[in-house]
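1. Mind looking at a prediction? Sequence and model below.
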Amino acid sequence: MAELKRPLRTCIVCRAKLEKEELLRLKCENKKLLKYDNYGRSFYICYSCMQHLDAKELNSKENKKIQKALCFQCKNKDEYLVQLKEILTDVR
Ligand SMILES: [Zn+2]
């Protein structure tokens, strides 16, 4: 049986290659983090990385890693963890 090859996406935080159902697609517009709306450049964060956001400690190592990856993608320094949390509440 031929192996079905599904396209994999890379999580910007942990660099894991996953199927798109396992990641949240985001974009950055005017230095603000947004849910991807089929327009512009996008990037992905996996759900296991986002689990850390539920922790009260926003300064934890894991959250700092997410923050750093988001700052890099948006080429800006901002409260992206807070923005990401807002997006997640919206999605749920
Ligand atoms: Zn990840």
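-> Looks like it arrived, so ask away. This is a predicted model, so every value here is computed, not measured.
2. Can you list the buried residues in whatever helix or strand residue 83 lives in?
-> Taking DSSP states H and E as the criterion, residue 83 maps to helix 80-91. For helix 80-91, a neighbour-count test (16 or more other CB atoms under 10 Å) marks 80, 81, 83, 84, 87, 88 as buried. In short, each C-beta sits where N, CA and C put it, glycine included.
3. any idea which element residue 72 lies in?
-> Under the criterion of DSSP H and E, residue 72 resides in helix 61-74.
4. Does that helix pack against any helices or strands, and if so which?
-> Contacts defined by 3 or more CB pairs under 8 Å, 6 or more residues apart in numbering; DSSP states H and E place helix 61-74 against strand 23-29, strand 32-35, strand 42-46, helix 47-50, helix 80-91.
5. Can you tell me which helices and strands the last one packs against?
-> Looking back up the chat, that one is helix 80-91. Helix 80-91 packs on strand 23-29, strand 32-35, helix 61-74, going by 3+ CB pairs under 8 Å, 6+ apart.
6. One more: the first one?
-> Where contact means 3+ CB pairs under 8 Å, 6+ apart, strand 23-29 is packed against strand 32-35, strand 42-46, helix 47-50, helix 61-74, helix 80-91.
7. ok, the first one: who's next to it in the sheet?
-> Looking back up the chat, that one is strand 32-35. Here strand 32-35 has these sheet partners by DSSP bridges: strand 23-29 (antiparallel).
8. circling back: neighbouring contacts of the helix holding residue 83?
-> 24, 26, 32-35, 45, 50, 53, 58, 63, 66-67, 70-71, 74 (CB atoms under 8 Å, 6 or more residues apart in numbering).
9. Brilliant, that's me finished.
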